[in-house]
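Novice: the amino acid sequence is not available; the structure is as follows:
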């Protein structure tokens, strides 16, 4: 493509609406253009990137044996009523009435439609397993769309759905899809991690999220560098300390903490490590019972884990009024010593239960207590459990090392649905004995358009985007200096460009009549991985300049070797 | 692809819902599956066909210099209010409210969105011309969706929009797109015709429809076999007769027509050609004036032409009550003789104005009048005009022969919008003199999913679909007889199939354990253009059987030549 014939539209500054680097850069590079809240046009340059991502996804789905189809975007309400999700899905679902006042939605996902197809088309165990996928525009009416294509309302998704007789067959396809997803992100040149995910009501370990790693990622991920273990931080188990609780060494004593209401402030005042302090969090269980949760000062409460404890399924945080009523003390000075255990349940995190000589609030304003020890100073906890987020350095739950923490952007999710939808919607098959059985189902999503944003979050610098070659709009930019003033430059650039195209390299020739600085800046902004500069001076020596997008400076190269070198760099 | 790994789902009978052959066959062949009224899933087999059509369309658009982008399907109401179409578009537009109660629609077309993009992105004449296209799912809430994908509510469309400084530039792109459209339909192997279309309020001759020819087509088309002329019948001009009106030869006389109320019945009774009779049609103009339109008995009123006559822009047909009130006679016996011309305007078609000795109703129940002549028996018409549809044998409006009539299905439409949208929406550029000018615009649509249905309407027989090779789901079917019982057959079929794939032929191997009759019938139903049958008997002589989908019988072919022969047949 020649830039003179392409529609290149870059901006010096990003519009104010943009917060994340990827959003700013996609607008500045002219990859997308905003139509409305959470609605973006993929401009020609951006669509090239999106299509490259789509092509990789499609190829890996085909290789995984999935069959592509295309379901309608508009879905009748009746199917969602059958599955029970018409009411459950909430306002994220864009509901529509047609001219006959019948209810429809703009599909946010397609479990219902594919299950309706499967129950009509699949009769016998002989037809199973089957795996269908589509790449399609979906709509979710986010309450606050932002981050550009990362959380748009209208977006492109690859969704696949598999059908099986038994769980082992589902597991086999699940494993194939896990591998296919890994292939997709590997081929796209992205640093990613698959992490175990919550399976909610369905249970089991049949769900993984695929995250593109990026500092701006919304999700914290825990992984073990020396093993395969990885999980969303919220789900990673914190193992109990293996070392036994040490014997008490200090006497229990009040300490003055006139203004110190947080563990950090207390530790600083007393000049002790934060890990010697214990924080107290007061919850109210569904049945109105107060709960005192104890966590080490440097640990954070994990609400998902807490919610799984007996009686805490729908807990809430206690109000200040409730706290003052029970403790006769304001928050900031609370602790477990001396509380009436018949009226409050004390739940200690495993770590806290193994501590000695720790510091807690004194249940008196402006005082904490130091040198506290279980049994000696207060009864053992009513319950000891894992109620905290893991932190870097925690032992890996698989026992094979210690955990590290990173941040990620979820771009894929695979899930063993089991018979959730098939049971609700009567999606059955006849087994070998002629008996009717609900099908086992799996579902597998990739946020195709989100990948473009996520890849930029992972790969950018102050000059612009750093696209991996597999998803760059063009992989090589040929930038001639003086194209319209030097016959020699024009001839060499045209020839080089033609040779690159002939070699199957997706090259762009910047034949705009612009200053070199403008062309360089644009090619850097839009993230072209390789650049060749053709100028009169170099040509005198039969040379061009080459610079990878990540190189600090250009190097010279014989013109005659340029195509071969580029092919080598691209692994062609 | 092997059928055992593909999802082939054919039906013996089409569901009752289907009317047209293409609709029945697409359901029977398992190309599509109905989700709701006007909503179809493209099953894997159907999607393969759709994607082949898409690929040809995309390739020709790229070659025409159009730039692909992807606009949101969901569009804010504000843009449509700017163009004035929010109210005008009517209930065909699927209107949506989001969670914040803001108005949107599921885009039925994208003039407003692309104009919004152009006015933001294009500032100077230097950036023009530009031509953008997308291939996208659209929605039109048809009052009575039917004919499967031919008139679905949700459908796939290619829509392109071009922007220009002046009309000659628009005309140049229009011509390029005209050629590109012709290339698309030619490459898809379809018999088609481009016809001049109505430009409505915009005027000029800048609009063409592209029709796939098929007996079931909704549109009648007039074309001249000896010239380039072609038009929708409704728009084709009927030239006035060149021969002068003959002198009267008969006396005017009443004839008994006791039960004859139509020209056909009168002509039969009197044993005269239908072309000697004249039919009378009574209209009411907008201002309440009666109009008596006269057409030759074998001609049909063209309401579009009539609507363009002075005072008839919003005409309606007169009620029976109005007719009886004026003529004192029931419909079926009306005529122009003796009417009070101060109270009714007589409009004669050119053909009628040139007739002599014709037959009309007598304005008396059960009587007609024969031997009627202008001037002698009644005053000349108040207005002579072209108010009829052309018929086969009429002179071509370009003067280069006579017209033929055929039927077509509209699959494409190109249109010079001129400044309709750019003026309404302030889509301007700065010209060479720095003056603000509205852009000239063109729009160019192809009904991508409709093409699949239309191609089947054109190409089917009693066995099923006859896909042209360019859009067949597979171009060659390899059908082994006894695949699971003869090692020799299995080996030969697998090898042949592998060789075809290696040669770049999109082949399918029917490796189902089915009787040959079942496999043949399925491959015929789904429209595979070429079939190779591999059987034990033939293999003994080193032969296979070849049969084109359109061949009456199979012929034998040396196995060793099979691949080369197929490639030759495919023009590879």
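Specialist: Arrived safely, thanks for sending. Just so we're clear, the structure is a prediction, and the values are computed from it rather than from any experiment.
Novice: okay, CA-based contacts and neighbour counts for the rest of this
Specialist: Noted.
Novice: show me what counts as buried in stretch A:172-179.
Specialist: Of the residues in stretch A:172-179, those scored as buried under the neighbour-count criterion (16 or more other C-alpha atoms under 10 Å in any protein chain shown) are A:173-174, A:176-178.
Novice: my bad, should have said stretch A:11-28
Specialist: Taking 16+ other C-alpha under 10 Å as the basis for neighbour counts, the residues of stretch A:11-28 that come out buried are A:14, A:18, A:20-28.
Novice: of all these, which two lie farthest apart?
Specialist: Greatest spacing in these, by C-alpha to C-alpha: A:20 and A:28 (12.3 Å).
Novice: switch the buried residues of stretch A:11-28 over to TSV; also include pLDDT, secondary structure and distance to chain B.
Specialist: Rendered in TSV, the data for the buried residues of stretch A:11-28 read as follows (pLDDT from 0 to 100; DSSP: H, G, I helix; E, B strand; the rest coil; distance: C-alpha to the nearest C-alpha, whole Å):
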residue	pLDDT	secondary structure	distance to chain B
A:14	84	coil	15
A:18	87	coil	18
A:20	92	coil	21
A:21	94	helix	22
A:22	96	helix	19
A:23	96	helix	17
A:24	96	helix	17
A:25	97	helix	17
A:26	97	helix	15
A:27	96	helix	12
A:28	96	helix	13
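Novice: tell me the one of these nearest residue B:335?
Specialist: Distances from residue B:335 to the buried residues of stretch A:11-28, taken by C-alpha to C-alpha, are shortest for residue A:27, at 70.6 Å.
Novice: list the contacts of that closest one.
Specialist: Residues counted as contacts of residue A:27 (C-alpha atoms under 8 Å, 6 or more residues apart in numbering or on different chains) are A:10-11, A:14-15, A:33.
Novice: mind redoing it with 10 Å?
Specialist: Going by C-alpha atoms under 10 Å, 6 or more residues apart in numbering or on different chains, residue A:27 touches A:9-11, A:13-15, A:18, A:21, A:33-34, A:43, A:46, A:148.
Novice: as JSON lines, those residues with secondary structure and distance to residue A:423 would be great.
Specialist: Output for the contacts of residue A:27, formatted as JSON lines (DSSP: H, G, I helix; E, B strand; the rest coil; distance: C-alpha to C-alpha, whole Å):
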{"residue": "A:9", "secondary structure": "coil", "distance to residue A:423": "52"}
{"residue": "A:10", "secondary structure": "coil", "distance to residue A:423": "52"}
{"residue": "A:11", "secondary structure": "coil", "distance to residue A:423": "53"}
{"residue": "A:13", "secondary structure": "coil", "distance to residue A:423": "53"}
{"residue": "A:14", "secondary structure": "coil", "distance to residue A:423": "50"}
{"residue": "A:15", "secondary structure": "coil", "distance to residue A:423": "49"}
{"residue": "A:18", "secondary structure": "coil", "distance to residue A:423": "44"}
{"residue": "A:21", "secondary structure": "helix", "distance to residue A:423": "44"}
{"residue": "A:33", "secondary structure": "strand", "distance to residue A:423": "43"}
{"residue": "A:34", "secondary structure": "strand", "distance to residue A:423": "42"}
{"residue": "A:43", "secondary structure": "coil", "distance to residue A:423": "43"}
{"residue": "A:46", "secondary structure": "helix", "distance to residue A:423": "42"}
{"residue": "A:148", "secondary structure": "helix", "distance to residue A:423": "38"}
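Novice: what about whichever residue of the stretch 201-350 of chain A sits closest to chain B, distance to residue A:20?
Specialist: Minimum separation of the stretch 201-350 of chain A from chain B (C-alpha to the nearest C-alpha) falls at residue A:218, amounting to 24.1 Å. Using C-alpha to C-alpha, to the nearest Å, we find residue A:218 at a distance of 11 Å from residue A:20.
Novice: under the pLDDT cut-off, which ranges of the stretch 101-250 of chain A? List them.
Specialist: Along the stretch 101-250 of chain A, segments meeting pLDDT under 70 span A:200-205.
Novice: and the buried residues of stretch A:172-179, which is closest to chain B?
Specialist: Of the buried residues of stretch A:172-179, the one sitting nearest to chain B (C-alpha to the nearest C-alpha) turns out to be residue A:173, at 14.3 Å.
Novice: from memory that closest one sits against residue A:162, does it?
Specialist: Yes: contact between residue A:173 and residue A:162 holds when scored by C-alpha atoms under 10 Å: they sit 7.6 Å apart.
Novice: identify the contacts common to these two.
Specialist: Shared contacts of residue A:173 and residue A:162, defined by C-alpha under 10 Å, 6+ apart, are found at A:66, A:129-131, A:416, A:442.
Novice: so which of those residues are also by chain B?
Specialist: Residues of the shared contacts of residue A:173 and residue A:162 in contact with chain B (C-alpha under 10 Å from any C-alpha of the partner chain): A:66, A:130-131.
Novice: which residue ranges of the stretch 251-400 of chain A form strands?
Specialist: Along the stretch 251-400 of chain A, the segments classed as strands by DSSP state E, counting those that start in this stretch run A:253-256, A:278-284, A:290-296, A:316-317, A:344-349, A:358-364, A:367-372, A:383-385.
Novice: I'd like those as TSV, with mean neighbour count, mean pLDDT and distance to chain B appended.
Specialist: What follows is the strands of the stretch 251-400 of chain A, written out as TSV (neighbours: other C-alpha atoms under 10 Å in any protein chain shown; pLDDT from 0 to 100; distance: least, C-alpha to the nearest C-alpha, whole Å):
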stretch	mean neighbour count	mean pLDDT	distance to chain B
strand A:253-256	16	96	53
strand A:278-284	23	97	33
strand A:290-296	24	97	37
strand A:316-317	14	96	28
strand A:344-349	22	97	41
strand A:358-364	25	97	46
strand A:367-372	22	97	49
strand A:383-385	18	97	41
